[in-house]
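Trainee: I'll drop the sequence and a predicted model, then ask my questions.
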Amino acid sequence: MKQFKIFTKDDAVLHQKAALVSLPLSEEKEQLILDMVDYLKCSQDEEIAEKYHIRPGVGIAAPQIGISERFFAIYFEDNGKTYEYGLVNPKIISSSVKKAYLCTGEGCLSVPTDVKGYVYRYYKITMKAYDVISHKDVTLKLTGYPAIVFQHEYDHLDGVLYYERIDQKDPLKEDPDAIRIE
Ligand code: K2U
Ligand code: NI
């Protein structure tokens with residue numbers, strides 16, 4: 001497993017708008033993104049995570065490893081489906097009016113201390129990107145938890161951290177029109 005230095009909210013790279021990646025990808029960059037996917041897989045294995053002292057993650061974006069470019073890795077299972085992607089220059093091309101939030105709130109590998117509060121995001125998104133895993137341009141229609149995860153990573157490319165989306169005056173405010181994801 002390639003070990004990465006995880007940059008934190010105190011590092012400027014987490015607060016910048018990342019640059020588009022020139023395509024076609026170099027072999028090195030392709031391998032780096034594959035290593036990021038592998039890192040996520042390893043982070044979800046308790047033994048490996050303990051051995052390397054890494055926090056579990058379902059996604060990791062380039063700025064979090066100190067690279068201000070527009071790509072992120074995804075790896076998680078949800079409702080029997082595996083989401084394994086290395087997305088380059090992702091773009092949200094449509095989104096629902098309906099919002100959703102995780103009832104547990106969110107966390108972040110780059111934010112050592114969790115910030116309590118609901119993070120309202122689009123319930124549904126359509127995202128276009130080049131995917132390193134399939135070596136294809138993909139159009140992903142995402143709903144619910146998967147949509148939340150991809151938006152969290154997409155935010156990193158724009159220098160936005162999840163706690164910036166929490167209502168500081170009323171962090172646990174329940175929007176009755178939003179879908180609460182358990
Ligand atoms: O970007 C990151 O820091 C990775 C986050 C992604 C995340 C997405 C949606 C909501 C919260 C966080 C980490 O995966 S946070 C840790 C984690 C691990 C397993 C499941 C959920 C969250
Ligand atoms: Ni994060």
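Mentor: Structure's in. What do you need? From a predicted model like this one, the values you see are computed outputs, not experimental measurements. Ligands and ions are numbered 1, 2, ... in the order given.
Trainee: What distance do you get for the residue nearest in space to the middle of the chain to residue 43?
Mentor: The centroid of the chain falls nearest to residue 153 when counting by CA atoms, centre = their mean (2.4 Å). The gap separating residue 153 from residue 43 is 14 Å, by CB to CB, to the nearest Å. The C-beta positions use only the backbone N, C-alpha and C, and glycine is treated the same way.
Trainee: Regarding the residue nearest to the centre of the chain, what is its secondary structure?
Mentor: Following DSSP: H, G, I helix; E, B strand; the rest coil, the label given to residue 153 is helix.
Trainee: strands paired with the longest strand seen in the chain, and their directions?
Mentor: Ordering each strand of the chain by length in residues (DSSP state E) puts strand 81-95 first. Take DSSP bridges as the rule and strand 81-95 pairs in its sheet with strand 71-78 (antiparallel), strand 124-131 (antiparallel).
Trainee: which parts of it are buried?
Mentor: For strand 81-95, the buried set under the neighbour-count rule, 16 or more other CB atoms under 10 Å, comprises 83, 85, 86, 87, 88, 89, 90, 92, 95.
Trainee: right, and the pair among these with maximum separation?
Mentor: Distances among the buried residues of strand 81-95 were taken as CB to CB; the most separated pair is 86 and 95, at 22.3 Å.
Trainee: for this structure, which helix is longest?
Mentor: Longest helix of the chain, by residue count under DSSP state H: helix 27-43.
Trainee: what distance separates the next helix or strand after that one from the middle of the whole chain?
Mentor: Using DSSP states H and E, the helix or strand that directly follows helix 27-43 along the chain is helix 46-52. Between the mean C-alpha location of helix 46-52 and the chain-wide mean there is a distance of 21 Å, by CA atoms, centre = their mean, to the nearest Å.
Trainee: Distance of the residue nearest to residue 138 when sequence neighbours are not counted relative to residue 113?
Mentor: Leaving aside its chain neighbours, residue 138 sits nearest to residue 131 (4.5 Å; criterion: CB to CB, 6 or more residues apart in numbering). Residue 131 sits 33 Å away from residue 113 when distances are taken as CB to CB.
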